[in-house]
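K.L.:
return atomic coordinates for the entry below.
(one chain, ligands or ions: 2)
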Amino acid sequence: MPYRLTVIGTGYLGVTHAACMADLGYDVLALDIDAEKIRRLRNGELPIHEPGLETVLRRGLGSGRLRFTTSYEEVAEFGDVHFLALGTPQKHGEYAADTSYLDASIESLAPHLTRECLIVGKSTVPVGTAARLADKIARLAPIGAQAELAWNPEFLREGRAVQDTFAPDRIVIGVRSERAEKVLREVYEPLGEVPMVVTDFATSELVKTAANSFLATKISFINAMAEVCEAAHADVRQLAEALSYDDRIGGKFLNAGLGFGGGCLPKDIRAFMARAGELGADQALTFLREVDAINMRRRARMVDLARELAGGSFQGCTVGVLGAAFKPDSDDIRDSPALDVAVTISQQGGRVTVYDPIALDNARKAHPQLAYGESALEALRGAHVVLLLTEWQEFVELDPEVAGAAVAQRRIVDGRNALDASAWRTAGWHYRALGRP
Ligand SMILES: NC(=O)c1ccc[n+]([C@@H]2O[C@H](COP(=O)([O-])OP(=O)(O)OC[C@H]3O[C@@H](n4cnc5c(N)ncnc54)[C@H](O)[C@@H]3O)[C@@H](O)[C@H]2O)c1
Ligand SMILES: O=c1ccn([C@@H]2O[C@H](COP(=O)(O)OP(=O)(O)O[C@H]3O[C@H](CO)[C@@H](O)[C@H](O)[C@H]3O)[C@@H](O)[C@H]2O)c(=O)[nH]1
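P.N.:
Ligands and ions are numbered 1, 2, ... in the order given. Alright, predicted model coming up:
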């Protein structure tokens, strides 16, 4: 392989990228400042849940192509191409993204660079960040290092991160030189035929926030329809199905329910609005305020429906919550709609017991005040109301009779429109869902 790669930041994105690149045949050195994370990764232990990734990680470690470190000196010395996979979370109390982790990584890396290399940002950033970081690299890298920056936003989805890395829909690269384009084309060559858009820094940064804004808008569109369906006694699931047959609309991202959460869509649309404001283009994105508001209203509506089924108050009511992760097949609880609802109900006096097949440990750490069950049936035991908030397959396959034997009252709100309503009603459950009669 022509290049030695490094990946800086081994969170959800970085560890996936590092392990998959090693699987493609590259020698990869991945770095994190979290020494405990690096210790676990060296032992072949994945600190996150991501289907198929642990196998790829272990294959990389076994082949000797994948290594982990906490040393920036080692990374600077080793790599021809350095990928940046640092977090860009929402700033506390603001809409804007916190890009300081990227700055810190450049400050740690650049002074140690000694030879020609390409630094490739993969994080999701406010437009203008790449240009700013390129200046920073020019200031901090020793003369002769010939360190250049490129931007290469990542589009993988959690729960499908490995497939998305090996078979992306497209690759977008923002570059300032033919050399940078050539290097990145070669790096991604083992992926085979993938559409590649080669552009400038600003456009590459904007593609990413535009894509997430579009996805968020699509979800909020169908959830706005769900609100109208509720008022008109119509069925949003059938409405979405009918829309989906139109090729121009398509059926993906039209699942109405509790709305979007996670470490990406909510913070990315807010950061996009904040950045547009700084650029004097805030009017262009005022619709995203509505997208955000519709999304957050779904959580409030879920709590209202649960209270209605509880008889008007949560006092003395036991609520069984199925799901803690922001989506199935992930342990990620960042801005999880499920936990948001569980916490609100608990604050309003409900006795809440949560179960999730994978995200339980993360949920426990973040919300020790809630009770947790070790199985779905344990979370349902004695419940007056059951809430399905993350559509894990295990919950979709729950037998309504078996679940019915565990609860105090057969009442359920399907927050993800994932259950077979007629099967649950036949089993004597009072079944309600968001956006359906
Ligand atoms: N999670 C996803 O599915 C996904 C997909 C596409 C894009 N993104 C974007 O990728 C970026 C990373 O997201 P994530 O979910 O992987 O975040 P994360 O919080 O899971 O990972 C960030 C990692 O960086 C490490 N770190 C912090 N400061 C560091 C430093 N100075 N040097 C080295 N490591 C440091 C942290 O310890 C952590 O392991 C974000 O911009 C996000 O928006 C994420
Ligand atoms: O029809 C749908 C589809 C999704 N969701 C919810 O939307 C959220 C986000 O889901 P998804 O987009 O599948 O997960 P992420 O892993 O957050 O991926 C998004 O964010 C990543 C980080 O930027 C991008 O790389 C991906 O392309 C983009 O899909 C979750 O809470 C889902 O439950 C719905 O409510 N209805």
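
K.L.:
who touches whichever residue of the chain sits closest to ligand 1 in this structure?
P.N.:
Proximity of the chain to ligand 1 (CB to the nearest ligand atom) peaks at Gly11, 1.8 Å away. Just so you know, the C-beta spots here come from the backbone N, C-alpha and C atoms, and that holds for glycine as well. By CB atoms under 8 Å, 6 or more residues apart in numbering, Gly11 lies in contact with Asp32, Ile48, Ala85, Gly87.

K.L.:
of those, closest to Leu113?
P.N.:
Closest approach to Leu113 among the contacts of Gly11 (CB to CB): Ala85, at 18.1 Å.

K.L.:
and the strands in the stretch 1-150 of the chain, which stretches?
P.N.:
4-8, 27-31, 66-69, 81-84, 117-121, 147-151 (DSSP state E, counting those that start in this stretch).

K.L.:
I'd say Glu181 and Val197 touch.
P.N.:
No - with contact defined as CB atoms under 8 Å, Glu181 does not reach Val197; the gap is 11.2 Å.

K.L.:
between these two, tell me which one has more neighbours.
P.N.:
Neighbour count, other CB atoms under 10 Å: between Glu181 and Val197, Glu181 has more, with 16 against 12.

K.L.:
quick one: that one from Asn417, how far?
P.N.:
Separation of Glu181 from Asn417 (CB to CB, to the nearest Å): 44 Å.

K.L.:
who in the protein is up against ligand 1?
P.N.:
Counting by CB under 6 Å from any ligand atom, the chain comes close to ligand 1 at 8-14, 31-34, 37, 85-88, 101, 104-105, 123-124, 154, 156, 158, 263-264.

K.L.:
just the buried ones from the residues you listed?
P.N.:
Buried members of the residues of the chain next to ligand 1, counted by 16 or more other CB atoms under 10 Å: 8-14, 31-33, 37, 85-88, 101, 105, 123-124, 154, 156, 158, 263-264.

K.L.:
list the ones among those that fall in helices.
P.N.:
Tyr12, Leu13, Gly14, Lys37, Tyr101, Ser105 (DSSP state H).

K.L.:
for the third one, give me the pLDDT.
P.N.:
So that's Gly14. As summarised for this prediction, Gly14 has a pLDDT of 98.

K.L.:
span of stretch 310-317 from start to end?
P.N.:
End-to-end distance of stretch 310-317: 7 Å, with CA to CA, to the nearest Å as the criterion.

K.L.:
got it, and stretch 414-426?
P.N.:
Stretch 414-426 end-to-end distance (CA to CA) = 15 Å.

K.L.:
again with stretch 240-258
P.N.:
15 Å.

K.L.:
output the below-cut-off pLDDT ranges for the stretch 251-400 of the chain.
P.N.:
The stretch 251-400 of the chain contains no residues with pLDDT under 70.

K.L.:
picking up where we left off before, anything in contact with each of Glu181 and Val197?
P.N.:
Joint contacts of Glu181 and Val197 (CB under 8 Å, 6+ apart) are Ile173.

K.L.:
please parse this protein into its domains.
P.N.:
Here the domain assignment for the chain is 4-199, 201-437, based on automatic domain parsing.

K.L.:
having no further points to raise, I will conclude here.
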